[in-house]
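Student: coords please:
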Amino acid sequence: MLCSELERARLTARLILKGRDVPQYRLSERNEIYFGDWAMCHHRELTHEDAESYAAWCTDWQNTIPTNGEDFQALDRSMERVISRLDAFSDCQNLLIVSHQGVLSLLITRLLAMPAASLWHFRVERGPGV
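Tutor: Numbers count the residues shown, from 1 in each chain. Reported below is the predicted structural model:
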């Protein structure tokens, strides 16, 4: 199992495994994109508090950086590193990856050799995987 280092992903992993003895590896390359000042803000707040930057991001989310945050290209580069690490698990019959919606959606698009914008087509449910 590969798991994000963030506590909510580790909690989900524990709930899924239910005490089973499964080797666990931290997915340190990518926890999730860092949204800087936008973290934990609802989009309605951003339309008022950081309207210009948020509008630019909505127009071009792949190249616009959230205020004091991380750009999408950093997330994309880290997915390439994650994919290169997957070769180490080629002898596994099954591999569980516990992470975050954006990370998992982008990972799916990259594994399927799809454009990054395709990540919006993959629905990844939030919450504990129980």
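Student: just the local confidence number for residue 44, please.
Tutor: Listed pLDDT for residue 44 reads 96.
Student: and the gap between it and residue 100?
Tutor: Distance of residue 44 to residue 100, computed by CB to CB, to the nearest Å: 22 Å. (Each C-beta comes from the backbone N, C-alpha and C, glycine too.)
Student: which one's more surrounded, the two?
Tutor: residue 100 (20 against 8; other CB atoms under 10 Å).
Student: which residues sit in contact with the more buried one?
Tutor: Counting by CB atoms under 8 Å, 6 or more residues apart in numbering, residue 100 touches 4, 6, 9, 31-32.
Student: and it, backbone torsions?
Tutor: Per-residue torsions, residue 100: phi -120, psi 160 (degrees, to the nearest 10).
Student: okay, now the domains of the protein?
Tutor: Under the assignment automatic domain parsing, the domains of the chain span 1-33+71-130, 35-69.
Student: what is the end-to-end distance of the shortest one?
Tutor: It refers to domain 35-69. For domain 35-69, the first-to-last residue distance is 5 Å (CA to CA, to the nearest Å).
Student: just name the shakiest helix or strand of this protein by mean pLDDT.
Tutor: Least confident helix or strand, the chain: strand 25-26 with a mean of 86, by mean pLDDT, DSSP states H and E.
Student: which strands or helices does that one pack on?
Tutor: strand 2-3 (3 or more CB pairs under 8 Å, 6 or more residues apart in numbering; DSSP states H and E).
Student: so what secondary structure elements neighbour the strand it packs on?
Tutor: helix 7-17, strand 25-26, strand 97-98.
Student: quick one: residues in contact with it.
Tutor: For strand 2-3, using CB under 8 Å, 6+ apart, the contacting residues are 9-10, 13, 24-27, 82, 85, 89, 95-99.
Student: filter those residues to the buried ones?
Tutor: Buried members of the contacts of strand 2-3, scored by 16 or more other CB atoms under 10 Å, are 9, 13, 27, 82, 97-99.
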